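A.B. asks: This is a predicted model, with the sequence first.
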Amino acid sequence: MNDPISLLGGVVLRVVEDVGQYARFTTTAVLGIVRPPYRWRLLFKQMEFVGNGSLSIVAITGVFTGMVFAVQSDYAFGMFGARGLLGSTVVLALTRELGPVLTSLMVNGRVGSAMAAELGTMRVTEQIDALESMAIDPIQYLASPRILASMLMLPILCATFDAVGAIGVSYVATYTLGVNPGPFFDRMMWYVDTDDIWGGMLKSAIFGFLLSSIGCYRGYYARGGAEGVGQATTKAVVAAGVLILVVDYFVSLILAPMSVNRS
């Protein structure tokens, strides 16, 4: 029973079972969003937690990301005498990649872990069992508002990241590095299109679904008391973070043709 084939088979079976259970959980949660009763109070509470609660860390991350990226890009473009491209290049990187990815990773560390810990605590203290005994669908009651709130608020947080990041790079480039403001802003406005902004916001909505659904799933099926809650929280944050990076690649492949041959 300890031979490599048996061990590999056991791992594969556990992974398949875990993926199937997650798919069933998320399907139930998504259907719970469109199926009555509609719990608006819970939704607004989660929107405030995800959006307003994460605004400060997203803004700080965005402005310093833009400032650091401006410094590094200025060095690279300066080698080729193309400092005028600094604004368009950095803002494109912010809106298309850095904005949605870094926003989602920061929110995942705060919100995804909190969702897993909260639902995990409710599971080990039998509060979820109490909801079932009162004929309340616990997935619709607990997971659906959190998932919908994350999908609604992540694009707004991503737009905030893009805005403060652009302000950061503009300040550093024009006031600190001495880049000519005329070519800087002209090329930034010319090359950055609304499709880039909307594409990044679409990515962030997808990432919001991933981090919230994984956090809720891990917490919902937590076992083993306080230690089990800690393990569920860790698994949720790690799995969501890795999956965000993996899915980002495939979404980028789909969205890439939108910017081809753009005038």
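C.D. replies: Alright, I've got the coordinates. The model shown is predicted, which means the values in this text are computed figures rather than measured ones.
A.B. asks: hey, let's count contacts and neighbours off CA atoms from now on
C.D. replies: OK.
A.B. asks: Which residues does stretch 230-240 contact?
C.D. replies: 108-109, 112-114, 116-117, 120, 210-211, 214-215, 218-219, 222 (Cα atoms under 8 Å, 6 or more residues apart in numbering).
A.B. asks: quick one: it to chain centroid distance?
C.D. replies: 15 Å (Cα atoms, centre = their mean, to the nearest Å).
A.B. asks: ok, now stretch 192-210?
C.D. replies: 10 Å.
A.B. asks: So which bits of it are buried?
C.D. replies: 192, 196-197, 199-210 (16 or more other Cα atoms under 10 Å).
A.B. asks: okay, the spatially most central residue of the chain: pLDDT?
C.D. replies: Centroid-nearest residue in the chain: S104, 2.4 Å away (criterion: Cα atoms, centre = their mean). With respect to pLDDT, S104 scores 95.
A.B. asks: wait, doesn't it sit right on L154?
C.D. replies: Yes - if you go by Cα atoms under 8 Å, S104 and L154 touch, sitting 7.2 Å apart.
A.B. asks: anything in contact with each of the two?
C.D. replies: 204, 207-208.
A.B. asks: And these, which is closest to V12?
C.D. replies: Closest approach to V12 among the shared contacts of S104 and L154 (Cα to Cα): F207, at 25.7 Å.
A.B. asks: Just the element for that closest one, please.
C.D. replies: helix 194-220 (DSSP states H and E).
A.B. asks: I'd like the average pLDDT over that helix.
C.D. replies: On average, helix 194-220 scores 92.
A.B. asks: where's the lowest-mean-pLDDT helix or strand in the chain relative to the chain centroid, distance-wise?
C.D. replies: Between all helices and strands in the chain, the lowest mean by mean pLDDT, DSSP states H and E belongs to helix 181-191, at a mean of 77. Distance of helix 181-191 from the chain centroid (Cα atoms, centre = their mean) equals 29 Å.
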